[in-house]
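**Q** model this:
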Amino acid sequence: MAHNTTDTTLPLSVAVLTVSDTRTTANDTSGDTLVERLLGAGHQLATRTIVKDDVYQMRAVCSQWIADESIQVILITGGTGFTDRDSTPEALEPLFDKKVEGFGELFRQISFQQIGTSTIQSRAIAGLANHTLIFCLPGSTNACKTAWDEIIKYQLDSTQGPCNFVPHLKKTTRAACAGRN
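**A** Numbering: from 1, shown residues only. Coordinates of the predicted model:
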């Protein structure tokens, strides 16, 4: 699947936000999973926090991170389902300069193999705001593993070709997508 565009992977600065009314630092397995995977891929954890499932708390934290010149990627876990409290897409979409249209569709396609038609209840989304890439993932640890292992790690890998998101992020100088052969 991967096509190398360079020999050196560029480490990125990544923030992790858990959206939950019940998770704490002691039991945030989804946040832990994302941190383990991003560090394992050679990226740096810029910051990590947990907020209640509240539109304005999410926007406040993410707006600060989007404005922070050192944060290039935000990974959000939780709040993407259909309960009354799930409001991550509503909170974050207004902040996007561009929506990554294919992310949610690809995530649900991959998830279908694992959870069947229940995947239609996932409202996973992604977007770009102020050259900061934002992924909104379900709160399930397995969903975070799927999203990272099958999609996100490749798109944050500066050696992945023909395209990855690295050239579109703050503080990067990589060339944009190479053409397909």
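**Q** name the helix or strand of the chain that has the lowest mean pLDDT.
**A** strand 3-4 (a mean of 44; mean pLDDT, DSSP states H and E).
**Q** ok, the helix or strand I74 falls within: who's next to it in the sheet?
**A** Assigned by DSSP states H and E, I74 belongs to strand 73-77. Applying DSSP bridges to the sheet, strand 73-77 is found paired with strand 13-19 (parallel), strand 132-137 (parallel).
**Q** buried sites along the helix of greatest length in the chain?
**A** Longest helix in the chain, counting residues (DSSP state H): helix 101-115. By 16 or more other Cβ atoms under 10 Å, the buried positions in helix 101-115 come out as F103, G104, L106, F107, R108, S111, I115. For every residue, glycine as well, the C-beta is placed using N, CA and C.
**Q** what do you get for stretch 34-46?
**A** L34, V35, R37, L38, A41, H43, A46.
**Q** narrow the residues you listed to those in helices?
**A** Those of the buried residues of stretch 34-46 lying in helices (DSSP H): L34, V35, R37, L38.
**Q** K153 versus the last one, what's the distance?
**A** Here L38 is placed at a distance of 8 Å from K153 (Cβ to Cβ, to the nearest Å).
**Q** same deal with the second one?
**A** The spacing between V35 and K153, counted by Cβ to Cβ, is 13 Å.
**Q** next one: the residue nearest the centre of the chain from D84, what distance?
**A** For the chain, F135 is the residue whose C-alpha lies nearest the centre (Cα atoms, centre = their mean; 2.6 Å). Remark: distance between F135 and D84 (Cβ to Cβ) = 23 Å.
**Q** again with Q44
**A** 36 Å.
**Q** T47 now?
**A** 29 Å.
**Q** do L45 as well
**A** 32 Å.
**Q** what do you get for G127?
**A** Distance, G127 to D84, by Cβ to Cβ: 24 Å.
**Q** okay, these two: which has more neighbours?
**A** The residue with more neighbours, out of G127 and D84, is G127; 22 against 6, by other Cβ atoms under 10 Å.
**Q** next one, pLDDT for that one please.
**A** Per-residue confidence (pLDDT) for G127: 98.
**Q** over to the one 4 residues further on?
**A** Looking at H131, its pLDDT reads 97.
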